[in-house]
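**Q** My questions are about this predicted structure, shown below with the sequence.
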Amino acid sequence: MPEINVTPLGAGQDVGRSCILVSIGGKNIMLDCGMHMGYNDDRRFPDFSYITQNGRLTDFLDCVIISHFHLDHCGALPYMSEMVGYDGPIYMTHPTKAICPILLEDFRKITVDKKGETNFFTSQMIKDCMKKVVPLNLHQTVQVDDELEIKAYYAGHVLGAAMVHIKVGSESVVYTGDYNMTPDRHLGAAWIDKCRPDILISESTYATTIRDSKRCRERDFLKKVHESIERGGKVLIPVFALGRAQELCILLETFWERMNLKAPIYFSTGLTEKANHYYKLFITWTNQKIRKTFVQRNMFEFKHIKAFDRSYADNPGPMVVFATPGMLHAGQSLQIFKKWAGNEKNMVIMPGYCVQGTIGHKILNGQRKLEMEGRATLDVKLQVEYMSFSAHADAKGIMQLIRMAEPRNMLLVHGEAAKMEFLKGKIEQEFSIDCYMPANGETATVTTNPSVPVDISLNLLKREMALGGPLPDPKRPRTMHGTLIMKENSLKLVSSEQALKELGLNEHQLRFTCRVQLQDPHSDPDTLHRIYTHLKSVLKGYTIQHLPDGTVMVESIVIKVSSSAEDSNAKVLLLSWSYQDEDLGSFLSTLLKKGLPSGLC
Amino acid sequence: MKLYCLSGHPTLPCNVLKFKSTTIMLDCGLDTTSVLNFLPLPLVHSPRLSKLPGWVSKDGTINLEKRELLDLSNIDVILISNYHCMMALPYITEHTGFTGTVYATEPTLQIGRLLMEEVVNFMERVPKAQSATCWKNKEIQRMLPGPLKDAVDVWTWKRCYSMQEVNSALSKVQLVGYSQKVELFGAVQISPLSSGYSLGSSNWIIQSHHEKVSYVSGSSLLTTHPQPMDQSSLKNSDVLILTGLTQMPTANPDGMLGEFCSNLAMTIRAGGNVLVPCYSSGVIYDLLECLYQFIESANLGTTPFYFISPVANSSLEFSQIFNNKCNAGCCLIVPVLLMFQLIQTNKLKHYPSIHGDFSSEFRQPCVVFTGHPSLRFGDVVHFMELWGKSGLNTIIFTEPDFSYLDALAPYQPLAMKCVYCPIDTRLNFHQVSKLLKEVQPLHVVCPEQYTQPPLTQSHRSDLMLELQPPPMPYRRCSVLNLPFRRRYERVYIMPELANSLVPSEIKPGISVATVSAVVHSKDNKHTLQSVPKPPPVAPSKKRKRVMDEPPVVLAPKPLLSGAVPLEAFLATLQKHGITEVKVEETADGHILHLQAEDTLIQLEEDGTHIVCDNNEPLRTTLRDLVLRFLQKL
């Protein structure tokens, strides 16, 4: 039995460094190649030595697919392709392809230039790696090779996020990456057709959460920001440059406009302008409303939001600052946080999920004293607020996707083990399908039972269709008989006659003749007629003919009567049938041996 | 498989393909050349035109003769290849009972919408007090003067559609992306391929598991603004339907562009204005692109360029967004098309119409791009009235759809210079024969115009398609039987049944297995499942003997093949205790007489006959022995 193996190298019962190996129909595919934000050592990258101990991965992988540009999904890509070694195709969507190298470069700068790490990929490696990228369009079916086929669906999580449908023959797997089932202010909702994959590999970041409506969250967010500004505090919102940031910007922009607020809003890094450009360029990836109105008014041109300069952090008075990165693990957001942490009037709003090990994660867990580099400690006095704005599907959304795709098996990654366990139970109960949640390095095996595609001769098929009448009748299944010819790799189903012809074989006729003695005091033609009547009454639903040349035909079985020379009452019946009528012929000879019933006329 | 050809216009095709119980309409181009029979619709009251008696019409023709040919409400899907070929969509989706789906790429839909909006806008801003229809009557038409009398099929001419009809028609469009495979009713799969002609333009592949039809319409190998043409996916087609070749086979687009630029420069230098009647999307992008490079070198930096169209702004925005080359070109985040620098540097300005801002900012000498290229409606009519009398000005025709002489007719006498630089980047005959050589379709279907040289140049045998086998020509209203027979269909054998099959090798490398299965057909997909076991017969007391029941044939016996070798058969008989065998040679084989059992076996090359009386066990034994030597099919 063919099977599909799924092995997470990262994101197995964990969030961060997503990297999942799938082997399906003899093809090996790597889904995502991310890094872990919580570690600074070897553990930050997936353990590629699982694939091979020595050397390059090119021979072991047919393709790599990146779902979106977040670093926990693509951060290890240059390391994998350039330092470990992989020359095959890397698939990602157009926006991902455009944005991913910028984020990688940013990340590289922080790690190498600021932290001074040496064993890390270089700018050149990022460029070389991006040369191996093949861009994907939504719904475009890409033939990786003759057998392997991939197709991207809209995932809604960030600009350019995609779910991928991977198909080999009749086996298939869907990998969701990160996705969002509710449309937000700038992106649409994830969608997939009823593709019935063998396995649906889904993220489960919010496996146990069912979030309240987006409107409530937005109101809460605005209220908190507003209160803090009113009492003269500074609000820090750590974000990733693209995605949530744009949504929150749109939100604050409209709020400022409406409330006529004067406090400045800043956006750190020069990415705003670039980011807006991307959104304009990839407007087809945003939601309906933005697409419809972009010609008149660009949603991403903000009046109240200005670029941030490092010196502004010390300015007096209230302000709102969007700063990158989103988990407070490095860079500008961390610097500002350190400056503002001591004042209880200030506030930090974490709008997304924070990976274990990051400062973001620590403060969200209520830690009030942080150990910084060089044994210094930092007292956290400012308010810490958490608002789940990250665009992951919640439990309801995951169930909704399962209903959409109708998978035969479910596999959870990108979530915490305990939460997964809960969701697994729910899924198994509601859909009665198997649900797997392998840990990193653990393999989940799913046995598939694919049907065999065969070319049937149209004549044969039509003959069968005609037998069943114009419409198929589920109560009376039509049985079809044919010969399957297996030649090299082709499978053809034809009628037996055609098979003989096609293979250049002669038919071999096997016939049987049987003489049956019978006592019947009638003339020969009468006897024959009596036989005819008898058979008519016994054999219902068969064609029985009384032919003028003195024979009775039952289907293709010939029955003749002659009387012996001595005794005209002793009749000799001659039955002759071919092998194809063996069952019936055998039955008839036994039946006639018993003689004719007397009651016949 | 049939092809119904509803349009004789080779670049505005409209064909209907019936394939495996689906009815697919390929494009619905709107032939608007009939507007040339009408007088221009002036924006500003023109004393000259209004003095002329006559009819001012609304719009063009579509060939609705098809009503007799086939019922349009049966059409399942409409495939659109580019935005020029969808202009008749509202006529079909709104007035025929059409209930299917229209497939198009996103740029095709958006720009097609713009073009339709533009036409509707042109028509609706000059409302007509009355409109006449009686002249369409054949009797009356015969009495009319001039060319109108000779116009064919006037009764098929229709009024222009309304915005509401456009919106309703376009709401039936389902977006597809290049290389996306769409299943139609499980019977066929359709897939658009980039055709390189305009933004979003596509060729279509219509295929089932065993048959493949390619529809090539308006393709280009020139690398201009759109994505390059996908040629390799067209390979191995059974039938290739070829439409939309260049309308200007003798005009080289690059040469024409050069001529366009030099004429433009000459006029401007002499202090004249240049009028370029054009559609608001398509060739204009190439013109602007070319002009950007040209104006620097030609020292025209200060000349203003105006693009006037109700949809000018959207057209420019869309062209930037849909520019696939820049999407594919990854890291570069600068405006990729040079023409956007024209806009950024304020050299190119666009206005929705001649009213409003334009009238105050308008500066001469200048270059104006505006529609409609037929010169019968749109802002261009105004400029013709304005500039026509001066010999300094030039009108440069770039769109090949209308004859420029006919277009100019109502404006004669005209002092303005006329230059005809038709730019048509679609495939020419040379390119198409090279393409066909490469993709090797079994059959080619094309409009009859492509199978003979153009009327005006009957000696140019290079301006026609010469193929082996010759292409199948079609004309308007012809119905072609496409020459291929479907012989196989895909079925799926369920795993349970597949496991139960017993293959036997007949020849080296070839195995056969007999299959008895139940066919399940659902959504045009067939699966074979094992024959369910009949429920065990309930023991009934009425039945005296089981043997009285005739056998229920579940599976017929297979056909046999091969021959029974005499020696080996005798040896086998011996093994089964049949020793007294008398062998007699005949013309065709042997007769074996089993003396003890009084049974005859006739062995021949292509048949075996067992004559056995009253001894069923023996007969079955013999049968099984014979079967050992034969192959079952």
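**A** Nice, I can see it.
**Q** Give me the residue at the spatial middle of chain A.
**A** Centroid-nearest residue in chain A, with C-alpha atoms, centre = their mean: A:V174, separated by 1.1 Å.
**Q** longest strand of chain B?
**A** Ranked by number of residues, the top strand in chain B under DSSP state E is strand B:510-522.
**Q** Report the mean confidence score over that one.
**A** Averaged across strand B:510-522, pLDDT comes to 84.
**Q** Could you confirm whether it reaches chain A?
**A** Yes - using C-beta under 8 Å from any C-beta of the partner chain as the criterion, contacts between strand B:510-522 and chain A involve B:510-521. C-beta here means a position set from N, CA and C on the backbone, and glycine is covered the same way.
**Q** If any of these are buried, put those into a PyMOL selection.
**A** In PyMOL, selecting the buried portion of the residues of strand B:510-522 next to chain A, with burial taken from 16 or more other C-beta atoms under 10 Å in any protein chain shown, looks like this:
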select buried, chain B and resi 511+512+513+514+515+516+517+518+519+520+521
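**Q** Show me which of the residues of strand B:510-522 next to chain A is closest to B:A415.
**A** Of all the residues of strand B:510-522 next to chain A, B:S521 has the smallest distance to B:A415: 72.3 Å, by C-beta to C-beta.
**Q** Residues contacting the longest strand along chain A, please?
**A** Of all the segments assigned as strand in chain A under DSSP E, the longest by residue count is strand A:509-519. By C-beta atoms under 8 Å, 6 or more residues apart in numbering or on different chains, the list of residues contacting strand A:509-519 from outside reads A:527, A:569-579, A:582, A:585, A:589, A:592-593, A:595-596, B:560, B:606-614, B:619, B:623, B:626-627, B:630.
**Q** So among those residues, which ones count as buried?
**A** For these, a burial check counting by 16+ other C-beta under 10 Å picks out A:527, A:571, A:573-579, A:582, A:585, A:589, A:592, A:596, B:560, B:607-613, B:619, B:623, B:626-627, B:630.
**Q** B:Q431: what's it in contact with?
**A** Under the criterion of C-beta under 8 Å, 6+ apart, the contact partners of B:Q431 comprise B:L221.
**Q** before we move on, what SS does it have?
**A** Using DSSP: H, G, I helix; E, B strand; the rest coil, the secondary structure recorded for B:Q431 is helix.
**Q** Likewise for A:M553?
**A** Of the three states, A:M553 takes strand according to three-state DSSP.
**Q** mind checking how far it is from chain B?
**A** Distance from A:M553 to chain B, counting by C-beta to the nearest C-beta, to the nearest Å: 15 Å.
**Q** so that residue makes contact with A:Y542?
**A** No - with contacts counted by C-beta atoms under 8 Å, A:M553 stays clear of A:Y542, the gap being 10.2 Å.
**Q** quick check: domain ranges of the chain?
**A** Chain wasn't specified; assuming chain A. Residue ranges for each domain of chain A read A:3-210+A:391-439, A:214-386, A:452-469+A:480-507, A:511-594, as given by the TED database.
**Q** my bad, the chain I had in mind was chain B
**A** B:2-245+B:428-481, B:253-420, B:560-632.
**Q** okay if I get the ones you listed as TSV plus distance to A:P8?
**A** Conversion of the domains of chain B to TSV gives the following (distance: least, C-beta to C-beta, whole Å):
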stretch	distance to A:P8
domain B:2-245+B:428-481	30
domain B:253-420	29
domain B:560-632	50
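**Q** what lines up beside the longest strand of chain A in the sheet?
**A** When sheet partners are counted by DSSP bridges, strand A:509-519 sits next to strand A:570-578 (antiparallel), strand B:607-611 (parallel).
**Q** List the residues that contact residue 75.
**A** Looking at chain A here, since you left the chain open. Neighbour list for A:G75: A:17, A:33-35, A:104, A:107 [criterion: C-beta under 8 Å, 6+ apart].
**Q** could you do chain B instead?
**A** Residues B:16, B:23-25, B:92, B:98, B:100 are the ones in contact with B:I75 under the rule C-beta under 8 Å, 6+ apart.
**Q** got the residues of the stretch 351-500 of chain B near chain A?
**A** Residues of the stretch 351-500 of chain B lying close to chain A by C-beta under 8 Å from any C-beta are B:486-495, B:498.
**Q** Those residues in helices, which ones?
**A** B:495, B:498 (DSSP state H).
**Q** before we move on, the earlier item: so which of the strands paired with strand A:509-519 comes closest to B:G186?
**A** Proximity to B:G186 (C-beta to C-beta) singles out strand A:570-578 among the strands paired with strand A:509-519, at 40.1 Å.
**Q** Does anything pack onto the helix or strand that the closest one is followed by? Which helices or strands?
**A** Elements were assigned by DSSP states H and E; along the chain past strand A:570-578, the next helix or strand is helix A:582-593. Taking 3 or more C-beta pairs under 8 Å, 6 or more residues apart in numbering or on different chains; DSSP states H and E as the contact definition, the neighbouring helices and strands of helix A:582-593 are strand A:509-519, helix A:524-538, strand A:557-563, strand A:570-578, helix B:616-628.
**Q** who touches helix A:582-593?
**A** In contact with helix A:582-593 (C-beta under 8 Å, 6+ apart) are residues A:512, A:514, A:516, A:518, A:531, A:535, A:538, A:542, A:554-555, A:557, A:559, A:573, A:575, A:577, B:547-548, B:550-551, B:553, B:557, B:614, B:616, B:619-620, B:623.
**Q** same check, this time on stretch A:381-388
**A** Counting by C-beta under 8 Å, 6+ apart, stretch A:381-388 makes contact with A:206, A:209, A:211, A:217, A:220-221, A:224, A:228, A:340-353, A:363-364, A:368, all of which sit outside it.
**Q** Kindly report the residues of the stretch 51-200 of chain A close to chain B.
**A** Neighbours of chain B within the stretch 51-200 of chain A, by C-beta under 8 Å from any C-beta: A:94, A:97-98, A:101, A:130, A:133, A:135, A:137-142, A:151, A:170.
**Q** I only care about those that end up buried; give me the ChimeraX line for that.
**A** Restricted to the buried members of these, where burial is judged by 16+ other C-beta under 10 Å, the ChimeraX selection command reads as follows:
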select /A:94,97,98,101,130,133,135,137,138,139,140,141,142,151
